[in-house]
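Asker: how would this look folded up:
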Amino acid sequence: MAQELLPGQKVRVTVPGSSANLGPGFDTLGLALSIYDTVEVEVIEAGLEVEVFGEGEDDLPRDGSHLVVKAIRSGLNAAHAEAPGLRVVCTNAIPQSRGLGSSAAAAVAGVLAANGLAGNPLTTDQVVQLSSAFEGHPDNAAASVLGSAVVSWTTTPVDGSQPGYRAVAVDVDKRIRATALVPDFHASTQAVRRVLPSHVTHTDARFNVSRTAVMTVALQNHPELLWEGTRDRLHQPYRADVLPVTAEWVNRLRNRGYAAYLSGAGPTCMVLSVDPIEEAILEDARTAGLRVIELEVAGPATVEVSRA
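Answerer: Presented below is the predicted three-dimensional model:
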């Protein structure tokens, strides 16, 4: 029997953004970043009220099609709980459709809000599973749930049932910082994925396997290996033609020795480093119309619950 939530119950969820792939770790590596969306949910007598402030406030829906609302309902169903009505207020700082995990953050926020309202019956693994299912890969969502860096993977049952999404957190060297160069245009994950080939050579596959291993070591305690660890042959070369601005900046920065890569599906260019990027380079980026965001590695999403 489903648990009936009482009007007046409230929850506030703060979710970090994320960067996925980190170069070679396609759909596998993720990193939580210190830019946050906040979602406040209150159980009300009836109906659905949705407000959006900040990033996406001019574009995101105010009805049940909003991803946060879908995720809340998925979480409530998994937690065997029901709400007579919901008021949802989203305050967004994560740029939308820029390769910084905004969609994953929305899914994570919704599932965690539902879990908090229901008394936290869901495990962390279940939260990762539910939130990752909205995207079909766990790298961004797992990073937002667990914080730090993550190694994630997908299992596909032989019976054709829903894939399983798993992840473990990896400690990150405290000296590592991130700098995002964010273009003023969106990138569709689906559109950018369509340019990827269905097959790659064994040589390129072997190259990426080795660099993904290097990257996990670089993140933990060998930041001097970040440049080598962010090399990729599986997806970034194919995406360069559809994201020429990003490709230009990734190449420009890598040629200067910076560990730059395409963040997620783009179009953000991300740099991981110990030392700050030269100010002249950042000023050139700003002049070219890119938004420069200096970030730290973030901890996990947080949940605050208040009872009626």
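Asker: helices or strands up against the strand ranked longest in the chain?
Answerer: Criterion DSSP state E: the longest strand present in the chain is strand 29-44. Counting contacts by 3 or more Cβ pairs under 8 Å, 6 or more residues apart in numbering; DSSP states H and E, the secondary-structure elements packed against strand 29-44 are strand 10-20, strand 85-92, helix 102-117, helix 139-146, strand 149-155, strand 177-182, helix 202-221, strand 291-296. Just so you know, the C-beta spots here come from the backbone N, C-alpha and C atoms, and that holds for glycine as well.
Asker: Using CSV, lay out the ones you listed together with mean pLDDT, distance to residue 265 and mean neighbour count.
Answerer: Listed next are these as CSV, based on pLDDT from 0 to 100; distance: least, Cβ to Cβ, whole Å; neighbours: other Cβ atoms under 10 Å:
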stretch, mean pLDDT, distance to residue 265, mean neighbour count
strand 10-20, 98, 8, 26
strand 85-92, 98, 18, 20
helix 102-117, 98, 10, 29
helix 139-146, 98, 10, 31
strand 149-155, 97, 16, 20
strand 177-182, 98, 13, 22
helix 202-221, 95, 17, 17
strand 291-296, 98, 18, 16
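Asker: rewinding a little: immediately after the longest strand of the chain, which helix or strand?
Answerer: Remark: after strand 29-44, the chain's next helix or strand is strand 47-54, criterion DSSP states H and E.
Asker: Parallel or antiparallel, list what pairs with that next one.
Answerer: strand 85-92 (parallel) (DSSP bridges).
Asker: ok and the partner strand relative to helix 102-117, angle-wise?
Answerer: Calculated by axes from the mean of the first three to the mean of the last three Cα atoms, to 10 degrees, strand 85-92 forms an angle of 140 degrees with helix 102-117.
Asker: Determine how far strand 85-92 lies from the middle of the whole chain.
Answerer: 20 Å (Cα atoms, centre = their mean, to the nearest Å).
Asker: that older thread, of the helices and strands packed on strand 29-44, which approaches residue 260 most closely?
Answerer: Evaluated over these, closeness to residue 260 peaks at strand 177-182, with 8.3 Å, by Cβ to Cβ.
Asker: Make JSON lines out of the helices and strands packed on strand 29-44 and add distance to residue 254.
Answerer: What follows is those, written out as JSON lines (distance: least, Cβ to Cβ, whole Å):
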{"stretch": "strand 10-20", "distance to residue 254": "16"}
{"stretch": "strand 85-92", "distance to residue 254": "31"}
{"stretch": "helix 102-117", "distance to residue 254": "26"}
{"stretch": "helix 139-146", "distance to residue 254": "22"}
{"stretch": "strand 149-155", "distance to residue 254": "20"}
{"stretch": "strand 177-182", "distance to residue 254": "13"}
{"stretch": "helix 202-221", "distance to residue 254": "13"}
{"stretch": "strand 291-296", "distance to residue 254": "17"}
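Asker: To residue 256, which of the ones you listed lies closest?
Answerer: With respect to residue 256, and counting by Cβ to Cβ, the nearest of the helices and strands packed on strand 29-44 is strand 177-182 at 12.9 Å.
Asker: what helices or strands is that closest one leaning on?
Answerer: Other elements packing on strand 177-182 under the criterion 3+ Cβ pairs under 8 Å, 6+ apart are strand 29-44, strand 269-273, strand 291-296.
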